[in-house]
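Peer 1: structure for the following, please:
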Amino acid sequence: MQQVIWEDIIKMQPKGLLTIPKRFRQELGFAEDGLVRVKQEKGRIVLEPVRTLDYPVRSYTKEEIKEVLALDKKETKDFCKVAKRKIPAVFFNASVILAGMRSPMGGSGQILQMGKKKQIKMLISEVIMDEVLRNAAKVGLTQAQITFSLQDIFPKVSPAPDRALVKSFYQISVNVGDSHVLAACQENQADFLVTLDKKHLLILQDKVTAFKIVSPGQLMEMYNQQFKK
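Peer 2: Here you go, the predicted model:
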């Protein structure tokens, strides 16, 4: 079946204002008063609707990014070669992805490589993907670099977790802005949540039973013990 391509020519108003035709807005999900992401891509301007969530999402500070990278460097020495048996499902927090993209040979980078080799099942949500892209510049990368790399690593991106499920984690979360991470893990039936966030997520290791919250080094140790031949 041939794809139908819609095309319109519209006039640019003062200060670069444009009106997106109604049928485009309806078909592609552009909402009134909603946010729109604007980016330059291969000589074109691309407009994308930005999801808005009705629950809080915490963002990393520059200091937290530094702590994440420092912990990743510390854990790098704990890694060794592994053999494959069973494939555990691992949900990735943004901290591990950012650290792994910045230092491919570090601990987090090696976890990402395990995903590429199909030694672990890679899980990520739309909310985590957005968080990684928002913080790309803080680790010296562009959004284009990260987008290209993640398409090769994560075959599927799950939608934002259910609001009711997110709220069910408010009580145990250090910051309710991290509840979506825990909810996404449970919703995607993850065996592990891998993170470098000591203050907000690793501290919950004894409070969550549906899945294990681990650092990259701890994940590798458990992988060796439980999944190695």
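
Peer 1: how far does stretch 171-185 stretch from start to finish?
Peer 2: Chord length of stretch 171-185, first to last residue, is 17 Å (Cα to Cα, to the nearest Å).

Peer 1: list the buried residues for that stretch?
Peer 2: Within stretch 171-185, the residues that count as buried by 16 or more other Cβ atoms under 10 Å are 173, 176, 178, 179, 180, 181, 182, 183, 184, 185. All C-beta spots, glycine's among them, are computed from the backbone N, C-alpha and C.

Peer 1: this protein: strands as residue ranges?
Peer 2: In the chain, the strands defined using DSSP state E lie at 35-41, 44-50, 89-92, 121-123, 192-194, 212-214.

Peer 1: and residue 23, which of those strands is closest to it?
Peer 2: strand 44-50 (14.6 Å; Cβ to Cβ).

Peer 1: got the angle for that closest one vs strand 35-41?
Peer 2: 150 degrees (axes from the mean of the first three to the mean of the last three Cα atoms, to 10 degrees).

Peer 1: just flag the most distant two among the buried residues of stretch 171-185.
Peer 2: Farthest-apart pair in these is 176 and 185; separation 15.7 Å (Cβ to Cβ).

Peer 1: which one's the longest helix in the protein?
Peer 2: Secondary structure of the chain per DSSP state H: the longest helix is helix 62-75.

Peer 1: quick one: that one to chain centroid distance?
Peer 2: The chain centre lies 17 Å from the centre of helix 62-75; the measure is Cα atoms, centre = their mean, to the nearest Å.

Peer 1: list the contacts of the residue most central in space within the chain.
Peer 2: The centroid of the chain falls nearest to residue 128 when counting by Cα atoms, centre = their mean (2.8 Å). Neighbouring residues of residue 128 by Cβ atoms under 8 Å, 6 or more residues apart in numbering: 92, 93, 94, 97, 181, 184.

Peer 1: relative to residue 24, how far out is the first one?
Peer 2: Translated: residue 92. 33 Å (Cβ to Cβ, to the nearest Å).

Peer 1: between these two, which has more neighbouring residues?
Peer 2: residue 92 (31 against 13; other Cβ atoms under 10 Å).
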